[in-house]
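Novice: Need coordinates for the below:
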Amino acid sequence: MRGPRLLTAAHLVCMWTAALAATPGPRFLVTAPEIIRPGGNVTIGVQLLEHSPSQVTVKAELIKLAGNLTVSVLEAEGVFEKGSFKTLTLPSLPLNSANEIYELHITGRAQDEILFSNSTRLSFETKRMTVFIQTDKTMYKPKQEVKFRVITLFADFKPYKTSLNILIKDPKSNLIQQWLTEQNDLGVVSKTFQLSSHAMLGDWSIQVQVNVSINTFLGGMLK
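Specialist: Model (predicted):
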């Protein structure tokens with residue numbers, strides 16, 4: 001996976017800072033990713049340099065280009081202080097996002113004055129996160145305890161940190177148990193549930209909902 005790059009490119013930012021260096025004034029450094037993926041965050045890095053105001057409000061907006069139309073997909077705004085490097089993170093790109101043309105617009109303001117503004121086109125990769133559902137057994141009997149875990153990973157196998165819903169359904173699709181908005185800070189959620197003595201025989205399912213994606217694991221039971 002390619003790392004962050006200077007916005008739009010390294011030589012462009014250097015030209016800005018060099019031009020500003022001749023006449024003291026606001027100076028800044030902005031970094032941004034060059035690739036976006038469904039389910040992934042877009043994180044912007046901003047550093048205000050020597051001649052910058054003490055505080056600058058930075059707005060980042062992800063734009064989708066559709067013919068002659070522009071559609072705002074994601075946006076975030078934050079206040080940055082001179083002398084420190086901080087980040088601004090946009091919400092996750094929806095998992096059902098289409099492979100279209102995307103641009104990242106970044107604007108910095110101080111006291112109603114635009115200090116910097118730039119747009120850069122981003123590469124879109126359709127690789128999405130993967131959900132693994134693992135149980136401690138392949139078959140279960142009534143009254144047994146079922147242990148399972150849910151693992152969510154990005155395409156590069158790094159943990160995908162998100163909230164998810166977990167639903168347990170019997171062979172007739174009756175909802176038996178659920179966990180809603182579970183947080184998997186390390187990309188893993190582990191759960192257990194107890195089968196009753198009268199548990200219905202057949203194929204049970206564990207459904208995991210992440211954003212709009214639903215992943216289902218089918219497990220059998222024996223009498």
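Novice: how about low-confidence regions in this structure?
Specialist: Applying pLDDT under 70 to the chain flags the ranges 1-27, 127-128, 155-156, 211-223.
Novice: Got the domain ranges for it?
Specialist: For the chain, automatic domain parsing gives the domain ranges 5-124, 130-221.
Novice: Mean neighbour count added to those, as JSON lines?
Specialist: Just so you know, the C-beta spots here come from the backbone N, C-alpha and C atoms, and that holds for glycine as well. Shown next, in JSON lines, are these (neighbours: other C-beta atoms under 10 Å):
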{"stretch": "domain 5-124", "mean neighbour count": "16"}
{"stretch": "domain 130-221", "mean neighbour count": "15"}
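Novice: L201 touches K172, doesn't it?
Specialist: No. Here L201 does not reach K172: they are 11.2 Å apart, not a contact under C-beta atoms under 8 Å.
Novice: need the helices for this protein, in chain order.
Specialist: Listed in chain order, the helices of the chain (DSSP state H) span 10-22.
Novice: Check the gap between R37 and F124 for me.
Specialist: R37 sits 8 Å away from F124, going by C-beta to C-beta, to the nearest Å.
Novice: If you could redo that for T181, that was the one I meant.
Specialist: Taking C-beta to C-beta as the measure, T181 falls 28 Å from F124.
Novice: One more: I101?
Specialist: Here the criterion is C-beta to C-beta. By it, I101 lies 8 Å from F124.
Novice: Over to S92?
Specialist: Taking C-beta to C-beta, one finds S92 at 14 Å from F124.
Novice: can you check Q178 too?
Specialist: Q178 is 34 Å from F124, by C-beta to C-beta.
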